[in-house]
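>>> Mind folding the following:
(one chain, ligands or ions: 1)
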Amino acid sequence: MKEKDIIKKLATTAKAEKEELISILASEDKDTSDLLFASARDTRTRFFGDKIFAYGFVYFSTYCRNNCNFCYFRRDNEHTIRYRKDSEEVLAIAKELADSGVNLIDLTLGEDPSLHKEGFASMLDLVDEIHDRINLPVMISPGVISDELIEEFARRNAEFYALYQETYNRQLFKKLRVHQDFDERMHAKIKARECGMFIEEGIMTGLGETEEDIADALLAMAKVKPSQIRVMTFVPQSGTPMAEMEPQDHDMELKIIALMRLLYPKALIPASLDVEGIEGLESRINAGCNVVTSIIPPTSGLAGVAQSTMDVNEGYRTVAGITPRLNALGLRVAEDDEYKRWMKEAW
Ligand code: SF4
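From the prediction side, this is the model:
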């Protein structure tokens with residue numbers, strides 16, 4: 001089947017064979033990519049109208065026990081910024097984010113050894129406090145945790161559990177997430193979903209993966225029943241074993257976003273401000289994204305993940321910063337009750 005026919009089939013059935021996905025990923029034809037992005041936008045409009053959800057990002061501990069080769073915050077990186085915000089600071093930041101109009105608070109952290117040591121007691125309390133005092137849904141990204149802790153976070157009503165596999169190629173996984181277990185990571189997501197949490201799955205591109213790897217990942221991620229799926233282009237990080245890798249342009253990321261939209265039409269798909277800052281927003285929205293993530297208050301002293309400082313102090317990573325850009329595309333930041341309605345209908 002020709003690429004354009006594959007895209008038309010995807011837009012009507014949300015289904016494609018692995019070989020069909022590979023042929024779209026490999027295509028360099030501009031008409032094909034224009035059709036791909038236009039179909040992705042139409043699909044988003046069909047399911048979400050003009051609404052774009054906005055997530056506040058609180059990277060509250062940059063300590064990590066792991067040594068992922070691609071990550072700036074890996075344990076052995078001596079260049080990195082290390083901090084751990086206490087609960088009052090996090091709550092103040094979350095309140096500021098809520099007042100600015102975000103729809104969810106994304107509590108992100110490395111696999112902080114001190115939190116593991118205390119059994120995540122302070123983070124569990126933080127989830128309660130955000131619900132009580134700020135009344136917004138919470139996403140948690142504590143990394144791989146025990147079944148008992150997943151059950152406890154679910155009991156505290158942490159709505160979303162984000163845990164990115166980054167690749168479904170087990171050999172590549174081993175090289176990226178050194179000394180970590182592929183199946184354990186998958187299990188945590190499946191367990192969280194069984195406990196009633198929404199799951200965010202994610203992959204990264206530009207790490208040496210093939211088009212076949214990407215197609216495999218796009219199909220295999222259905223197994224964790226994700227409600228949100230993301231792709232990010234790898235940004236080489238100083239002080240890491242992958243610092244000298246040649247950065248990839250963002251074309252592949254945009255194609256993957258569009259394929260995600262067509263394969264998972266009802267999914268939330270983030271345009272992260274953490275890759276190219278505000279300048280990368282329009283292309284990702286035009287590829288079919290319907291969430292803006294990594295919104296950070298300008299004076300909070302918080303870091304991003306892939307781009308730890310880009311656009312943070314300038315204030316572009318804010319709801320006020322993204323609103324004119326979205327409005328120019330005929331879109332708008334959703335109201336909180338619209339996000340809560342999505343949660344009700346999506347489960
Ligand atoms: S990707 Fe996550 S788990 Fe891996 S080193 Fe970075 S913060 Fe730690």
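>>> other SSEs contacting the longest strand along the chain?
Across the chain, the longest stretch assigned as strand under DSSP state E is strand 51-61. Using 3 or more C-beta pairs under 8 Å, 6 or more residues apart in numbering; DSSP states H and E as the contact test, the elements touching strand 51-61 are helix 87-100, strand 104-109, strand 291-295, helix 319-328, strand 332-333, helix 336-346. Backbone N, C-alpha and C define where each C-beta goes, glycine included.
>>> That strand vs helix 87-100, what angle?
If you take axes from the mean of the first three to the mean of the last three C-alpha atoms, to 10 degrees, strand 51-61 sits at 160 degrees to helix 87-100.
>>> So which of the helices and strands packed on strand 51-61 has the densest surroundings on average?
strand 291-295 (a mean of 27; mean count of other C-beta atoms under 10 Å).
>>> Sheet partners, orientation included, of it?
Note on strand 291-295: by DSSP bridges, its sheet partners are strand 51-61 (parallel), strand 270-272 (parallel).
>>> quick one: Lys51 and Glu338 touch, right?
Yes: look at Lys51 against Glu338 with C-beta atoms under 8 Å: they come within range, at 5.8 Å.
>>> three-state assignment of the nearest residue to Pro241 once chain neighbours are set aside?
The shortest distance from Pro241 to any non-neighbouring residue, by C-beta to C-beta, 6 or more residues apart in numbering, is to Asn69 (4.7 Å). Under the three-state scheme (DSSP: H, G, I helix; E, B strand; the rest coil), the conformation of Asn69 reads as coil.
>>> okay, now Asn69: neighbour count?
Residues contacting Asn69 under the criterion other C-beta atoms under 10 Å number 16.
>>> residues in contact with the spatially most central residue of the chain?
With the centre of the chain defined as its mean C-alpha position, the nearest residue by C-alpha atoms, centre = their mean is Arg230, 4.5 Å away. For Arg230, the contacting residues are Tyr164, Glu200, Glu201, Gly202, Ile203, Ile269, Pro270, Ser272, Thr293, by C-beta atoms under 8 Å, 6 or more residues apart in numbering.
>>> Let's see that with 7 Å instead.
Contacts for Arg230 (C-beta atoms under 7 Å, 6 or more residues apart in numbering) come out as Glu200, Gly202, Ile269, Pro270, Ser272.
>>> Out of these, which one has the weakest pLDDT?
Per-residue confidence over the contacts of Arg230 reaches its minimum at Ser272, where pLDDT is 87.
>>> can you list the residues of this structure near the ligand?
Taking C-beta under 6 Å from any ligand atom as the criterion, the chain approaches the ligand at residues Cys64, Asn66, Cys68, Cys71, Phe73, Arg74, Gly110, Glu111, Gly143.
>>> Please, where are all the helices along the stretch 201-347 of the chain?
According to DSSP state H, counting those that start in this stretch, the stretch 201-347 of the chain carries its helices in the segments 211-220, 251-263, 273-276, 281-286, 319-328, 336-346.
>>> Make TSV from those and add mean pLDDT to it.
Written out in TSV, the entries for those read as follows (pLDDT from 0 to 100):
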stretch	mean pLDDT
helix 211-220	98
helix 251-263	98
helix 273-276	84
helix 281-286	97
helix 319-328	95
helix 336-346	96
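>>> Can you tell me how far Thr205 is from the ligand?
As judged by C-beta to the nearest ligand atom, to the nearest Å, Thr205 and the ligand stand 16 Å apart.
>>> Distance of the closest residue to that residue other than its chain neighbours relative to Tyr339?
Distances taken as C-beta to C-beta, 6+ apart place Met252 nearest to Thr205, at 4.9 Å, with adjacent residues excluded. Computed with C-beta to C-beta, to the nearest Å, the distance linking Met252 and Tyr339 is 29 Å.
>>> ok, Lys30 - how many residues close by?
Close neighbours of Lys30, defined as other C-beta under 10 Å, add up to 8.
>>> Include neighbour count when you put the contacts of Arg230 into JSON lines, please.
As requested, the contacts of Arg230 are exported to JSON lines (neighbours: other C-beta atoms under 10 Å):
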{"residue": "Glu200", "neighbour count": "25"}
{"residue": "Gly202", "neighbour count": "19"}
{"residue": "Ile269", "neighbour count": "23"}
{"residue": "Pro270", "neighbour count": "25"}
{"residue": "Ser272", "neighbour count": "27"}
